[in-house]
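A.B. asks: Pasting the sequence and the predicted coordinates here, then a few questions.
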Amino acid sequence: MLVKVRCEYCESEDLSLIDMVYGKGTLGERTEKGFKCNSCDEELDLDEVIFEEVR
C-alpha cells in the first residue's frame with residue numbers, strides 16, 4: 001500500500017522523516033520517528049500528519 005502524507009497545519013506534501021527526541025537529558029529519554037514540514041518548519045508527530053492512500 002502506498003500513502004501520501006500532508007502537514008496538518010499548512011497541508012504541504014513537502015515533509016522529511018526525522019528522529020524526534022523526548023525527555024532529552026533524563027532517564028526517560030526516548031527517540032521516535034516523526035516528520036518535519038519543509039514549508040512551515042513544524043516538527044510533526046504521527047498524529048499531526050494527514051495520511052491518504054494512493055491508488
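C.D. replies: Structure received.
A.B. asks: rest of the way, CA atoms for contacts and neighbours
C.D. replies: Fine.
A.B. asks: What is the neighbour count of the closest residue to Glu29 other than its chain neighbours?
C.D. replies: The shortest distance from Glu29 to any non-neighbouring residue, by CA to CA, 6 or more residues apart in numbering, is to Gly23 (4.5 Å). Residues lying near Gly23 (other CA atoms under 10 Å) number 10.
A.B. asks: In the protein, where is pLDDT below threshold?
C.D. replies: Along the chain, no part satisfies pLDDT under 70.
A.B. asks: Report the central residue of it.
C.D. replies: Among the residues of the chain, the one closest to the centroid is Phe35, at 2.2 Å (CA atoms, centre = their mean).
A.B. asks: which secondary structure element contains that residue?
C.D. replies: Assigned by DSSP states H and E, Phe35 falls within strand 30-37.
A.B. asks: And Glu11, by the same measure?
C.D. replies: Going by DSSP H and E, Glu11 is not in any helix or strand.
A.B. asks: same question, Glu13
C.D. replies: Using DSSP H and E, Glu13 maps to neither a helix nor a strand.
A.B. asks: Show me what the closest residue to it other than its chain neighbours is bridged to.
C.D. replies: Leaving aside its sequence neighbours, Glu13 sits nearest to Arg6 (CA to CA, 6+ apart; 4.5 Å). For Arg6, the beta-bridge partners under DSSP bridges are Ile50.
A.B. asks: residue contacts, Arg6?
C.D. replies: If you count contacts by CA atoms under 8 Å, 6 or more residues apart in numbering, Arg6 has them with 12-15, 49-51.
A.B. asks: Please identify which two of those are farthest apart in space.
C.D. replies: With distance counted by CA to CA, no two of these lie farther apart than Asp14 and Phe51, which are 13.2 Å apart.
A.B. asks: wait, what's in contact with Cys10?
C.D. replies: Counted by CA under 8 Å, 6+ apart, Cys10 has contacts 39-40.
A.B. asks: Compute the distance between it and Val49, please.
C.D. replies: Distance of Cys10 to Val49, given as CA to CA, to the nearest Å: 10 Å.
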